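Sequence and predicted structure, then a few things I'm wondering about:
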Amino acid sequence: MEGKVTESYSMGGMYMYLCEDTGSVPWEKVVWSPFGIPRHDFLAWLVVLDRCPTRDRLLSWGLTVNPLCLLCNSENESRDHLFFNCDYTHALWSEIAQRCNLLALHSWNDTLTQLQGLSANRSIRRLTLIAVKATIYWIWNERNSRLHRGIFRDKDSLFLTIDRQIRNRISSLRVSHPTTSSTMMQCWLTIG
Ligand SMILES: [Zn+2]
């Protein structure tokens with residue numbers, strides 16, 4: 001109980017900080033979208049601001065680290081490479097984007113612009129935002145898992161994890177928002 005209070009306080013504080021720090025910004029509705037998974041939204045916010053400790057940032061702080069991307073081991077790691085220019089993440093994102101009837105782009109900035117201009121109906125737009133933030137979350141999780149625990153998952157394994165989480169999220173809306181939930185699930189299960 002105590003932990004929940006602390007977590008709630010902390011998230012509230014971060015949200016206040018967000019409002020003060022950025023005010024209204026073009027990507028705000030991408031990061032904080034209805035039915036989003038809070039820890040995914042929070043990480044997406046850090047990624048949009050380029051505040052995650054990717055290796056290019058660690059090097060810029062003067063730390064001695066291997067610059068290579070932990071997912072492809074062939075190019076240097078940066079926010080823009082990791083999401084979604086890396087071969088590993090682009091292949092994963094392509095599969096996820098297809099489920100949302102979206103063209104998977106290689107560039108982080110182009111993807112962010114694309115997400116701000118989604119014109120699909122509201123339920124599909126919400127599904128797309130849940131899906132892209134789940135992808136960001138699990139890419140970062142995979143990167144950290146390789147770095148800190150030496151555990152490697154292939155793209156298909158990570159896709160199954162994301163797929164399961166998205167289905168669970170959609171199912172959780174079945175009682176409170178039956179039409180939205182039904183439209184989302186129909187889209188997610190129909191390969192574009
Ligand atoms: Zn890479």
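The structure has been received and is ready for your questions.

Close to the ion: what parts of this structure are there?
Counting by CB under 5 Å from the ion, the residues of the chain close to the ion are 69, 71-72, 86. (Each C-beta comes from the backbone N, C-alpha and C, glycine too.)

can we see that at 8 Å?
Residues of the chain found near the ion (CB under 8 Å from the ion) are 68-75, 77, 81-82, 85-89.

Could I have the buried ones of these as ChimeraX selection syntax?
Remark: buried members of the residues of the chain next to the ion, expressed as a ChimeraX selection using 16 or more other CB atoms under 10 Å:
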select :69,70,71,72,77,81,82,85,86,88,89
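
Relative to Arg149, which of the residues of the chain next to the ion is nearest.
Using CB to CB, Leu70 comes nearest to Arg149 of the residues of the chain next to the ion, at 11.6 Å.

got the contact list for the closest one?
With contact taken as CB atoms under 8 Å, 6 or more residues apart in numbering, Leu70 is in contact with 77, 143, 146-147.

Equivalent analysis for Gln165, please.
37, 134 are the contacts of Gln165 under CB under 8 Å, 6+ apart.

what about 10 Å?
37, 40, 130-131, 134, 137-138 (CB atoms under 10 Å, 6 or more residues apart in numbering).

mind putting those residues in CSV, pLDDT and neighbour count included?
Formatted as CSV, those follow (pLDDT from 0 to 100; neighbours: other CB atoms under 10 Å):
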residue, pLDDT, neighbour count
Ile37, 94, 18
His40, 96, 24
Ile130, 96, 24
Ala131, 96, 25
Ala134, 97, 21
Tyr137, 98, 20
Trp138, 98, 22
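
my read: Leu63 touches Thr54, true?
No. Under the criterion of CB atoms under 10 Å, Leu63 is not in contact with Thr54, lying 11.8 Å apart.

Compare these two (neighbour count), which wins?
Thr54 (24 against 10; other CB atoms under 10 Å).

Just to check, the more buried one is in contact with Ser78?
Yes. Taking CB under 10 Å as the definition, Thr54 is a contact partner of Ser78 at 5.5 Å.

Quick check: neighbours shared by the two?
Common neighbours of Thr54 and Ser78 (CB under 10 Å, 6+ apart) are 67, 69.
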